[in-house]
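K.L.:
this one's structure only:
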């Protein structure tokens, strides 16, 4: 029986290579094939061996290098040919990373798969901006939602944000107007504080603070671009004033 390679679903964290787990860094450093998405910071690639085959499967709102089913097929094909594959994903593979789908495809094909967790975009961004997602005075519940997905308007977000709660929205830059309208229609106060964290844990990070009703204008006037997270709740009042002041000067 021919040898079958292993697919490693590796979380690359929010950007800074210093935030990789030791397991992730070791796998990247020895991998001959690295299949990566567009949210992995180029600084992480510097850890790969010089002869590594780097395959980009970057996705954006309007363009996919490869559809998800073809990414699944690529991973399976390489592994069945006897090659180990590092599938490198920004953040954590199992938080809006479609790692579950890739793991299922590997298992269905009889390919061994290992998941190496990473610091999620939410945890990394909040830490970099010094925003506590939970706080004894402000929030004991945290929810994560995707702001860019099919049927956004029909999803029930009632109760996910408000007093005592923190809502973290992934992929919400393009749909900021719909998100603000949706949450206010569900009863969230227009003056609910929020923060937009762009390029978290990277040298070009920006932290912008505002209120829910002003979210669309904030995103547009500051020309916020992905990768960016939206954090909604009273915890955003706890962010480092120095970081926010610097960010607001940069965006003005």
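P.N.:
Sure thing, it's come through. Keep in mind the model is a prediction, meaning the values are calculated, not measured.
K.L.:
same for the longest helix anywhere in the chain, what does it pack against?
P.N.:
Longest helix of the chain, by residue count under DSSP state H: helix 68-80. Here helix 68-80 touches strand 7-11, strand 33-36, strand 85-89, helix 99-108, going by 3 or more Cβ pairs under 8 Å, 6 or more residues apart in numbering; DSSP states H and E. Just so you know, the C-beta spots here come from the backbone N, C-alpha and C atoms, and that holds for glycine as well.
K.L.:
gap between it and the chain center?
P.N.:
Offset of helix 68-80 from its chain centre (Cα atoms, centre = their mean, to the nearest Å): 22 Å.
K.L.:
Got phi/psi on residue 222?
P.N.:
When quoted as degrees, to the nearest 10, the phi and psi of residue 222 stand at phi -90, psi 0.
K.L.:
pretty sure it is touching residue 210, no?
P.N.:
No. Residue 222 sits out of contact with residue 210 when judged by Cβ atoms under 8 Å, with a separation of 9.3 Å.
K.L.:
Could you tell me which residues touch both of these two?
P.N.:
Contact criterion Cβ atoms under 8 Å, 6 or more residues apart in numbering; residues shared by residue 222 and residue 210: residue 196.
K.L.:
how about the helices in the stretch 51-200 of the chain?
P.N.:
In the stretch 51-200 of the chain, the helices defined using DSSP state H, counting those that start in this stretch lie at 68-80, 99-108, 121-128, 176-185.
K.L.:
In a markdown table, list those helices along with distance to residue 199, mean pLDDT and mean neighbour count.
P.N.:
Shown next, in a markdown table, are these (distance: least, Cβ to Cβ, whole Å; pLDDT from 0 to 100; neighbours: other Cβ atoms under 10 Å):
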| stretch | distance to residue 199 | mean pLDDT | mean neighbour count |
| --- | --- | --- | --- |
| helix 68-80 | 24 | 97 | 18 |
| helix 99-108 | 22 | 98 | 17 |
| helix 121-128 | 9 | 94 | 24 |
| helix 176-185 | 17 | 94 | 18 |
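K.L.:
Now tabulate those helices in JSON lines and tack on distance to residue 217.
P.N.:
Shown next, in JSON lines, are the helices of the stretch 51-200 of the chain (distance: least, Cβ to Cβ, whole Å):
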{"stretch": "helix 68-80", "distance to residue 217": "34"}
{"stretch": "helix 99-108", "distance to residue 217": "35"}
{"stretch": "helix 121-128", "distance to residue 217": "21"}
{"stretch": "helix 176-185", "distance to residue 217": "9"}
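K.L.:
separation between residue 218 and residue 172?
P.N.:
Separation of residue 218 from residue 172 (Cβ to Cβ, to the nearest Å): 12 Å.
K.L.:
what does residue 160 give?
P.N.:
The value you get for residue 160 to residue 172, if Cβ to Cβ is used, is 13 Å.
K.L.:
Pick out whichever of these two has more residues nearby.
P.N.:
Neighbours were counted for residue 160 and for residue 172 using other Cβ atoms under 10 Å; residue 172 has more, 25 against 21.
K.L.:
how about that one, what does it touch?
P.N.:
147-148, 179, 228-230.
K.L.:
Try it again at 10 Å.
P.N.:
Shown in contact with residue 172 (Cβ atoms under 10 Å, 6 or more residues apart in numbering): 145-148, 152, 178-180, 196, 215, 219, 224, 226, 228-230, 232.
K.L.:
same question, residue 238
P.N.:
129-132, 135, 137-139, 195.
K.L.:
ok, now residue 12?
P.N.:
Residue 12 touches 19-21, 24, 28, 36-37, 39-41, 43-45, 47, 86, 88-93, 97, 116, 118-119, counting by Cβ under 10 Å, 6+ apart.
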